[in-house]
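*Asks:* mind looking at a prediction? Sequence and model below.
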Amino acid sequence: DVVMTQSPLSLPVTLGQPASISCRSSQSLVYSGGDTYLNWFQQRPGQSPRRLIYKVSNRDSGVPDRFSGSGSGTDFTLKISRVEAEDVGVYYCMQGTHWPPRFGQGTKLEIK
Amino acid sequence: QVQLVQSGAEVKKPGASVKVSCKASGYSFTGYYMHWVRQAPGQGLEWMGWINPNSGGTSYAQKFQGRVTVTRDTSISTAYMELSRLRSDDTAVYYCARGEGSSIDYWGQGTLVTVSS
């Protein structure tokens, strides 16, 4: 199985400052058709997860443009340009290229 | 708009089974996979399996093989996840989530299953 490793696991950030989360996979996530099935989810306290980014860098509808995704192959990054209070929660990467689908361990973002 | 509405919380004894439902609306039920993901208290997300509502075909994580069964009723746009031989470490919130293949987008509100004697 593909292993997804996120870092850091805990991310204290000052309001208005940028934040960055890394996600590394144990195998390349490039699918045979050329797409890379790496998604990012946000889970606010007490809520269901919500998808932010799909296929590495595509922002979902309604997601603020301060969120961006990048990367290729086995290394991926979620960036928040200026952290706001509503961004507090746990962020997960997920790969859907290889069976079985797998999540990273999660990164808990908190306000410093 | 896409909505996935799950059944309510359950309390079960060890060794029993639980069946959670997930009613879909706002899209073509047979056009997307339905995934099941669970989250133990204070822990991360764990993928359990999926169903292709169009064909009824299923795929399960090895960890749950033999204990989990995912089914669907296309006439009422509802998917079901049944987990048998429950143990205390099956206590978790169980989510259904729509997927375009493996790419999950929308999630249900979650169903808390508590296993306790």
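*Replies:* Everything's here; your move.
*Asks:* nearest to chain B: which residue in chain A?
*Replies:* A:Gly96 (2.9 Å; C-beta to the nearest C-beta). The C-beta positions use only the backbone N, C-alpha and C, and glycine is treated the same way.
*Asks:* would you mind giving me the confidence score for that residue?
*Replies:* Listed pLDDT for A:Gly96 reads 95.
*Asks:* ditto for B:Gly101
*Replies:* 87.
*Asks:* so what's it up against?
*Replies:* By C-beta atoms under 8 Å, 6 or more residues apart in numbering or on different chains, the residues touching B:Gly101 are A:Tyr37, A:Gly96, B:Tyr33.
*Asks:* so what's the most centrally placed residue in chain A closest to, chain neighbours aside?
*Replies:* Closest to where the C-alpha atoms of chain A average out (C-alpha atoms, centre = their mean) is A:Trp40, at 3.4 Å. For A:Trp40, ignoring the flanking residues on the chain, the nearest one in space by C-beta to C-beta, 6 or more residues apart in numbering or on different chains is A:Ile53 at 4.0 Å.
*Asks:* identify the bridge partners of A:Ile21.
*Replies:* Taking DSSP bridges as the rule, A:Ile21 bridges to A:Leu78.
*Asks:* just B:Thr71 next, same as before
*Replies:* Note on B:Thr71: beta-bridge partners by DSSP bridges are B:Tyr80.
*Asks:* look up the pLDDT of it for me, please.
*Replies:* For B:Thr71, the model assigns a pLDDT of 98.
*Asks:* now do A:Ser25
*Replies:* What the model reports as pLDDT for A:Ser25 is 98.
*Asks:* check contacts around it.
*Replies:* Contacts of A:Ser25 by C-beta under 8 Å, 6+ apart are A:Val2, A:Val3, A:Met4, A:Thr5, A:Leu38, A:Thr74, A:Phe76, A:Gln95.
*Asks:* what strand or helix carries the residue nearest to the spatial centre of chain B?
*Replies:* Centroid-nearest residue in chain B: B:Trp36, 3.6 Å away (criterion: C-alpha atoms, centre = their mean). Using DSSP states H and E, the element containing B:Trp36 is strand B:33-39.
*Asks:* what about the strands in the chain?
*Replies:* By default, I'm working from chain A. Counting by DSSP state E, chain A has these strands, from start to end: A:4-7, A:10-13, A:19-25, A:38-43, A:50-54, A:58-59, A:67-72, A:75-80, A:89-95, A:102-103, A:107-111.
*Asks:* I was thinking of chain B, sorry if that wasn't clear
*Replies:* For chain B, the strands defined by DSSP E cover B:3-6, B:10-12, B:18-25, B:33-39, B:46-51, B:58-60, B:68-73, B:78-83, B:92-100, B:103-107, B:111-115.
*Asks:* may I see the ones you listed organised as a markdown table, with distance to A:Arg44 added?
*Replies:* Below are the strands of chain B laid out as a markdown table (distance: least, C-beta to C-beta, whole Å):
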| stretch | distance to A:Arg44 |
| --- | --- |
| strand B:3-6 | 17 |
| strand B:10-12 | 24 |
| strand B:18-25 | 21 |
| strand B:33-39 | 13 |
| strand B:46-51 | 19 |
| strand B:58-60 | 29 |
| strand B:68-73 | 27 |
| strand B:78-83 | 24 |
| strand B:92-100 | 14 |
| strand B:103-107 | 12 |
| strand B:111-115 | 17 |
